[in-house]
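[1] sharing a model that was predicted from the sequence below.
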Amino acid sequence: MSSEPEVSSWKYSSFLKNENSNFSKSDILNILTKQDIDEAYKTISKWDNYSPTQLIFLNKLSKKLNLNKIFYKDESKRFHLKSFKALGGAYAVEKITKGNKDIVVSTATAGNHGRSVAWGSKKLGLKCKIFISEYVSEFRAKVMKSFGADIVRVRGNYDNSLKECIKQSKQNNWQIVQDVAWQDYKLVPKLTMAGYAVMMKEISEQLNSQQISHVILQAGVGGMAAAMVAGIARYLDNVPKIIVVEPESAACVLESIKVNKIKKIIIKEESLMGGMSCDEVSLVPWEILKNSVSHCVTISDNYIAKTVKSLANSEFSNEKIIGGECSTPGVSSLIALCNESDAKKELSLNENSNVLLFGCEGDADEELYQKLLNS
Ligand SMILES: Cc1ncc(COP(=O)(O)O)c(C=O)c1O
C-alpha cells in the first residue's frame with residue numbers, strides 16, 4: 001500500500017488565458033458538422049463489442065479539492081485497445097477505404113493511433129504499414145504487429161516518421177490515414193475527430209442532466225481536444241470553461257493561443273506522455289480551438305507516476321483506475337490549478353464546480369505503466 005501523495009504542493013508550469021475566447025456553436029459545427037459527428041456514432045455504435053466506457057466519480061479528490069464533482073471518462077477499456085484512439089483511426093480506415101479490399105493503409109504514430117489504424121485494417125482485411133519514431137516503445141510496436149501491421153522504424157522523432165510515411169506512401173500509392181491535418185489533407189483527420197466525438201455523446205447521456213462547469217482536455221496535436229469541443233457544441237446544453245492541458249515541454253497549443261496563430265515549437269526533451277509530445281497543432285483542430293478554449297495550462301512530467309499510483313490505489317476515487325501516462329495531466333493540472341488561488345479564482349473553480357476529466361488511456365504501454373506504478 002502506498003502512502004497518499006501530498007497533493008497540496010503540486011504546481012502547474014504555466015497558465016494562460018485565451019484573450020480570443022468566444023465559443024461559437026455554429027462556427028464549430030461548420031468545421032466538424034453535426035452530420036460528421038452523428039454518422040460516426042451511428043457507425044461505431046454498431047461495431048462488435050461496442051459499449052460506452054465508464055464515467056467515474058473522483059469522489060475522494062473532489063472532497064480534497066473542495067469541488068462539487070469530478071467526472072473521469074475512463075478510456076482504459078475502449079475496445080480492448082486501451083485508449084480513446086480506438087474510435088478515430090479505425091473509423092477513418094473504414095470510411096476512407098469504402099469496402100475496397102485492395103487498398104494498403106499507412107500511418108505514422110506515437111502508438112495509440114497506429115494501434116487503432118492497424119486494428120481497423122485487420123477488421124477489414126486490409127494491409128497496413130505503420131511508421132514509428134525511435135521514441136515509440138518496442139512494446140507498442142509489438143501490439144501493432146499483433147494486428148498484422150508491418151512496422152517501419154524511422155530515426156528521429158514523430159515528425160521524421162510522418163515525413164517518411166508520406167514519402168513511401170506517395171511512392172507506393174498507399175492510403176495515408178493520419179490524425180494530423182495539413183493543407184489539402186483534412187478529410188481523414190476530420191473523420192478521426194468525428195470518431196473521438198463518440199466519447200461526448202456517451203458522456204452527455206451518462207451525466208444524466210447534470211451540467212459540467214469545467215472540462216480539461218489533453219492535447220497533442222489537438223485532435224481529441226477539438227473533437228470534444230465539437231462534441232460539447234453538438235450534445236451539451238451549456239458551455240463549460242474549456243481548458244487545454246499539455247506537457248510543459250510540448251505546449252504547442254498554448255504557444256499558438258498566445259500569439260493567435262499556429263506556432264511550431266521546438267521540443268527540447270520528449271515528454272513521457274508520448275502521445276502528447278507534439279510540436280505543432282493540427283490545422284483542423286486549430287480552427288476549432290483558437291476561439292473556444294478559455295485557458296491553457298502546462299504540467300511537468302514529475303506528477304505522472306504519482307498520479308498513476310493514486311488512480312490505481314483508489315486514492316482519488318472509490319474505484320481502482322488504470323490510467324496510463326496520458327491520462328494523468330487532466331488530474332494533476334486540476335490539482336495544481338486548485339492549489340493556486342489566483343488561477344482558481346480566474347476559473348471560478350469552487351464548491352459548485354463539476355469538472356470533467358479524460359482518462360485518455362489505460363496501460364496501453366504495459367511495461368511503462370508497470371514502471372510508473374512501481375517507481
Ligand atoms: C494516448 C493519447 N495519445 C494522444 C493524445 C493526443 O491527442 P491529439 O494528438 O489528438 O491531441 C492523447 C491526448 O491526451 C492521448 O491521451
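    Cool, got the structure. Numbers count the residues shown, from 1 in each chain.

[2] Ala225: what's it in contact with?
    Neighbour list for Ala225: 217-219, 244, 253, 285, 289, 293 [criterion: CB atoms under 8 Å, 6 or more residues apart in numbering]. For glycine as for every other residue, the C-beta is placed from the backbone atoms N, C-alpha and C.

[3] now it. Nearest residue, chain neighbours left out?
    Nearest residue to Ala225 in three dimensions, chain neighbours excluded: Leu217, at 3.9 Å (CB to CB, 6 or more residues apart in numbering).

[4] can you classify that neighbour by secondary structure?
    strand (DSSP: H, G, I helix; E, B strand; the rest coil).

[5] got it, and the one 3 residues further on?
    Classification of Gly220 using three-state DSSP returns coil.

[6] report pLDDT for it.
    Here the pLDDT value assigned to Gly220 is 96.

[7] average pLDDT across stretch 261-270?
    Rounded mean pLDDT across stretch 261-270 is 96.

[8] and it, end to end?
    23 Å (CA to CA, to the nearest Å).

[9] state the distance from the residue nearest in space to the middle of the chain to Val244.
    Taking CA atoms, centre = their mean, the centroid of the chain lies closest to Met224, which sits 4.5 Å from it. Applying CB to CB, to the nearest Å, the value for Met224 to Val244 is 10 Å.

[10] swap in Asp102?
    40 Å.

[11] these two: which is more packed in?
    Val244 (29 against 7; other CB atoms under 10 Å).

[12] ok, what's across the strand from that one?
    For Val244, the beta-bridge partners are Leu217, Cys296 (DSSP bridges).

[13] now do the same contact list for it.
    Per CB under 8 Å, 6+ apart, neighbours of Val244: 216-219, 222, 225, 253-254, 257, 289, 293, 295-297.

[14] switch to 6 Å and redo it
    Neighbouring residues of Val244 by CB atoms under 6 Å, 6 or more residues apart in numbering: 217, 219, 225, 253, 293, 296.

[15] what do you get for Tyr303?
    Tyr303 touches 10, 332, counting by CB under 6 Å, 6+ apart.

[16] quick check: phi and psi on it?
    For Tyr303, the backbone dihedrals (degrees, to the nearest 10) come out as phi -100, psi 0.

[17] and it, what pLDDT?
    In this model, Tyr303 is scored at 98, pLDDT.

[18] ranges for the strands of the stretch 201-350 of the chain?
    Counting by DSSP state E, counting those that start in this stretch, one finds strands in the stretch 201-350 of the chain at the ranges 214-218, 241-247, 295-299.

[19] and the first one, how far out from the chain middle?
    What separates the centre of strand 214-218 from the centre of its chain is 10 Å, taken as CA atoms, centre = their mean, to the nearest Å.

[20] compute the inter-axis angle for that strand and strand 295-299.
    Here strand 214-218 runs at an angle of 50 degrees relative to strand 295-299 (axes from the mean of the first three to the mean of the last three CA atoms, to 10 degrees).

[21] could you do the second one as well?
    Relative orientation of strand 241-247 and strand 295-299, computed by the same axes, to 10 degrees: 30 degrees.

[22] burial measure for the closest residue to Ser14 other than its chain neighbours, as a count.
    Setting aside the residues directly before and after it, Ser14 is nearest to Thr298 in space (CB to CB, 6+ apart), at 4.8 Å. By other CB under 10 Å, the residues close to Thr298 number 23.

[23] got a pLDDT number for Thr298?
    For Thr298, the predicted pLDDT is 98.

[24] need the contact list for it.
    Here Thr298 is in contact with 13-14, 246, 248, 251 (criterion: CB under 6 Å, 6+ apart).

[25] most neighbours of all these, which one?
    Most surrounded of those: other CB under 10 Å gives Glu246, at 32 neighbours.

[26] got phi/psi on Cys236?
    To be clear, residue 236 is Leu; Cys isn't right here. Dihedral angles for Leu236 - degrees, to the nearest 10 - are phi -100, psi 150.

[27] pull up the gap between it and Ser341, please.
    Applying CB to CB to Leu236 and Ser341 gives a distance of 29 Å.

[28] residues in contact with stretch 194-204?
    Residues from elsewhere that reach stretch 194-204 (CB under 6 Å, 6+ apart): 36-37, 40-41, 44, 52, 73, 84, 87-88, 91, 224, 227-228, 230-231, 235-236.

[29] show me the residues you listed that map onto helices.
    Of the contacts of stretch 194-204, the ones assigned to helices by DSSP state H are 36-37, 40-41, 44, 91, 224, 227-228, 230-231, 235.

[30] in JSON lines, list those along with pLDDT and distance to Ala149.
    Listed next are the ones in helices among the contacts of stretch 194-204 as JSON lines, based on pLDDT from 0 to 100; distance: CB to CB, whole Å:
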{"residue": "Asp36", "pLDDT": "98", "distance to Ala149": "26"}
{"residue": "Ile37", "pLDDT": "98", "distance to Ala149": "28"}
{"residue": "Ala40", "pLDDT": "98", "distance to Ala149": "23"}
{"residue": "Tyr41", "pLDDT": "98", "distance to Ala149": "26"}
{"residue": "Ile44", "pLDDT": "98", "distance to Ala149": "21"}
{"residue": "Tyr91", "pLDDT": "98", "distance to Ala149": "17"}
{"residue": "Met224", "pLDDT": "98", "distance to Ala149": "22"}
{"residue": "Ala227", "pLDDT": "98", "distance to Ala149": "24"}
{"residue": "Met228", "pLDDT": "98", "distance to Ala149": "28"}
{"residue": "Ala230", "pLDDT": "98", "distance to Ala149": "29"}
{"residue": "Gly231", "pLDDT": "98", "distance to Ala149": "29"}
{"residue": "Tyr235", "pLDDT": "98", "distance to Ala149": "33"}
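
[31] within reach of the ligand, which of those are there?
    Met224 (CB under 6 Å from any ligand atom).
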